[in-house]
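Asks: With the input below, show me the fold.
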Amino acid sequence: MAATQPNTSPSRIEAEVGRARSLLQKRQFSQALGAAEALLAEFPENRDVLYLIAVSQRYLGRISDALTTLGRFENLHPDYGRLFQERGHCYRALGDVPAAIASYQKAVDRNAALPASWKALSALCKSAGRIAEAENAANVAASLEQLPAAVVTANSLFSEGETHAAEQMIRQFLQQHPAHIEGMRLLARIGMKLEILDDAEFLLESVLEFAPDYHAARYDYAQVLIDRQKHAEALQEIRRLLAIEPRNPLFRSLQGNVLVGLGEHEAALELFYELRDEAPANPTLHLAIGHAHKTVGRQQEAIASYRRAAEVRPNFGDAYWSMANLKTYRFSDEEIAQMRAQESSRTTPMVDHYHLCFALGKALEDRGDFAESFRYYQLGNALKHDELRYDADALERNLRRQALVCTPELFAARHGAGSPDRSPIFIVGLPRAGSTLVEQILASHPAACGVGELRFWHAAVAEYEKSIEAGQASGGVISGLAGRYLRELAEFSTEALRVVDKMPANTINLGLIHATLPRARIIHMRRHPIDTCLSIYFQAFSTTHSYANDLEDLAHYYTQYFRVMEHWRSILPGDAILDVPYERLVEDPETWSRQMIEFIGLPWDPRCLKFDETERTVITASNWQVRQRISTSAAGRWRNYEKYLGALRALTELEP
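Replies: Coordinates of the predicted model:
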């Protein structure tokens, strides 16, 4: 898997935390506590600082103080497994066995790679006469002991959200032990989180070759295939799992997700209903049912399911965000009060916390309370920003490589190597710039098919760059990429004359796309830069958009995107790209729809103007909006937030 290469230079706080941790390891507990408390004045919410203070206090025998610190810690970081492990140590020192067991259980629920918690659970449950639980904990502890320390530590880091640290550690381990099953699976799971899905797929295929009966890895493999939209292949893997455990609810739920992806919505709903009847208090099943209804445009049924999910688990942030993400739902006073209460509760898990913030941001925006709305959007983004790292330098390096590799000379040298196929149509730009709307318009033409966002070209670019480094880049590589991509499109339709791939991030891949498919047409969606960036900032993406949660990062990313599009326009043929301004499209949909249909080489069909009546699966954030008539209400949304634009203000000079 290609390394993400984050900036690894330690910050001052990281260096100081490292010094305090070193003192703790040397058993200089008073000095460690003093160093950590000095940092706390400057960084009062830092997770590592609070953890070091609590541990030092416990070692100094100040158990009451340690528990007080951990209470403050939990208010800020309620999902940190080691927090609950430390609380378990405190209660164990006090002789409070039930409280210690409860704390250790919370620890392993959040982070299963904590050997100390499993060992403590085994001993304490045995002393309390809970023999089955003691044996289970002992078995897990024994399994962890059999793994190399690096694998256990990396798993723990990954569970605690320290994805890049986990990746670095497991990569170093795999360099020495390249066929280690658990190491490979962990790197694949990291790839899934970072959306490096092609490498995750390859790693899991390799794991299953070595260990075909490793069901957890096969489950992960099926999930990767779903994420890569290889639903037929995913269904085969799930059926293998169900042949062994036919009633396993996780396997059956995943099967339901695959059926949705295959367009078999009624079969999926039937399966979800069956699972719901077996476990009516499972909120994720109600959420899955809501998503299935939303995908096919049944809004009222979706809302009912989301509401039920929130009733079953009142702090289920994703249920509220799913309602907000319909874009047309309006929350009641009672629902807003409920969201506020759950958002402020220290028992609300972090993922629910930020989903509630985004839902409240949308709810208050709809009521015109823009100051309070922005406060919640800002808080939600701050919470998500802690999970991700935006590497501005890595992006710029990538774009420079693209510009150096994809030149007119490359196109001339590889002329004829690609495919003359005219069927692929690419919609590019930034998320929230109107790509789903354009896909819906084009897919309403009887000769066109929309396939959503395919994740093919990022891996293709990496593959081509590797072939260059190895001195093997040739027309054969390009021809091979063309054949593979066209076969992937054929899985969706063998009859459509035009197949629409609306992956916005293909913006940075247009050079290789053109070299591979020189007759493909590219529609570039442009929207007012601040409207685009704020719409991204206000969207709780479920996938990895590391630039999305900070206004400065957004401004930098937009500027780089703008520059790379200028580069492609300067070197690609004039008829390769059509720029479509979102604001003009929604003001005059017929003129622009006709222009787009002509651009992709199809005769005009009036059904393209009735796109809201087109029945097809739409899975992106705009899936309900594109089932409505075109509205201009989203244009100029940014003006409601002019006071808070920060670094985005400079983008006005890049207006379309």
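
Asks: if I look at residue 342, how far off is residue 540?
Replies: 15 Å (Cβ to Cβ, to the nearest Å). C-beta here means a position set from N, CA and C on the backbone, and glycine is covered the same way.

Asks: what about the two, which has more around it?
Replies: Between residue 342 and residue 540, residue 540 has the larger neighbour count (other Cβ atoms under 10 Å), namely 27 against 21.

Asks: Please name the residues that touch that one.
Replies: By Cβ atoms under 8 Å, 6 or more residues apart in numbering, the contact set of residue 540 is 321, 325, 354-355, 358, 380, 384.

Asks: which stretches of the stretch 401-550 of the chain form strands?
Replies: 424-428, 448-450, 498-501, 521-526 (DSSP state E, counting those that start in this stretch).

Asks: pLDDT (mean, whole number) over the second one?
Replies: Per-residue pLDDT over strand 448-450 has a mean of 94.

Asks: strand partners of it, parallel vs antiparallel please.
Replies: strand 498-501 (parallel) (DSSP bridges).

Asks: Likewise for the first one?
Replies: In the sheet containing strand 424-428, the strands it pairs with under DSSP bridges are strand 498-501 (parallel), strand 521-526 (parallel).

Asks: In a markdown table, list the ones you listed along with mean pLDDT.
Replies: Below are the strands paired with strand 424-428 laid out as a markdown table (pLDDT from 0 to 100):
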| stretch | mean pLDDT |
| --- | --- |
| strand 498-501 | 96 |
| strand 521-526 | 96 |
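
Asks: and the two most separated of the contacts of residue 540?
Replies: Farthest-apart pair in those is 325 and 384; separation 14.8 Å (Cβ to Cβ).

Asks: Any figure for the gap between residue 414 and residue 475?
Replies: 5 Å.

Asks: May I have the beta-bridge partners of the closest residue to residue 429 other than its chain neighbours?
Replies: Residue nearest to residue 429 in three dimensions, not counting chain neighbours: residue 525, with 3.7 Å by Cβ to Cβ, 6 or more residues apart in numbering. Residue 525 has these beta-bridge partners by DSSP bridges: residue 580.

Asks: I'd say residue 525 and residue 433 touch.
Replies: Yes. Between residue 525 and residue 433 there is a contact under Cβ atoms under 8 Å: 4.4 Å.

Asks: Settle it for me: which of those two has more neighbours?
Replies: Neighbours per residue (other Cβ under 10 Å) separate residue 525 from residue 433, with residue 525 holding more: 28 against 25.

Asks: ok, now how distant is the more buried one from residue 611?
Replies: Residue 525 is 15 Å from residue 611, by Cβ to Cβ.

Asks: Same question for residue 417.
Replies: On the measure of Cβ to Cβ, residue 417 and residue 611 end up 36 Å apart.

Asks: neighbour-wise, which of the two wins?
Replies: Applying other Cβ under 10 Å to residue 417 and residue 611 shows that residue 611 carries more neighbours, namely 24 against 19.

Asks: quick one: contacts for that one?
Replies: Residue 611 neighbours (Cβ under 8 Å, 6+ apart): 437, 440-441, 443-444, 626.

Asks: Grab the nearest non-local neighbour of residue 548.
Replies: In space, residue 548 is closest to residue 536, 5.1 Å off (Cβ to Cβ, 6+ apart).

Asks: returning to what we had before: who has more neighbours, residue 414 and residue 475?
Replies: Comparing residue 414 with residue 475 by other Cβ under 10 Å, the one with more neighbours is residue 414, at 19 against 14.

Asks: What is the burial count for residue 179?
Replies: Residues lying near residue 179 (other Cβ under 10 Å) number 11.

Asks: May I have the secondary structure class of it?
Replies: Assigned by DSSP: H, G, I helix; E, B strand; the rest coil, the conformation of residue 179 is coil.

Asks: Skipping adjacent residues, who's closest to it in space?
Replies: Residue 179's closest residue in space is residue 210 (Cβ to Cβ, 6+ apart), at 6.6 Å.

Asks: you'd agree that neighbour is up against residue 182?
Replies: No. Between residue 210 and residue 182 there is no contact, the gap being 11.0 Å when judged by Cβ under 8 Å.

Asks: who's more crowded, the two?
Replies: residue 182 (22 against 12).

Asks: Could you find the closest non-adjacent residue to residue 506?
Replies: residue 428 (4.9 Å).

Asks: In terms of pLDDT, where does the one you found sit?
Replies: For residue 428, the predicted pLDDT is 97.

Asks: Ok, residue 255 next?
Replies: If you check residue 255, the pLDDT there is 96.

Asks: what helix or strand is it on?
Replies: Per DSSP states H and E, residue 255 falls inside helix 249-261.

Asks: Give me the buried positions along that helix.
Replies: 251-261 (16 or more other Cβ atoms under 10 Å).

Asks: can you check stretch 44-56 too?
Replies: Across stretch 44-56, burial judged by 16+ other Cβ under 10 Å covers 46-56.

Asks: can you pull the contacts of residue 67?
Replies: So residue 67 contacts 87, 90 (Cβ under 8 Å, 6+ apart).

Asks: Can you classify it as helix, strand or coil?
Replies: helix.

Asks: please renumber so the chain begins at 535
Replies: That works, and once the first residue is 535, the last one we named lands at residue 601.

Asks: What is the helix or strand following the helix holding residue 789 packed up against?
Replies: For helix 783-795, the following helix or strand on the C-terminal side (DSSP H and E) is helix 799-812. Here helix 799-812 touches helix 783-795, helix 817-829, going by 3 or more Cβ pairs under 8 Å, 6 or more residues apart in numbering; DSSP states H and E.
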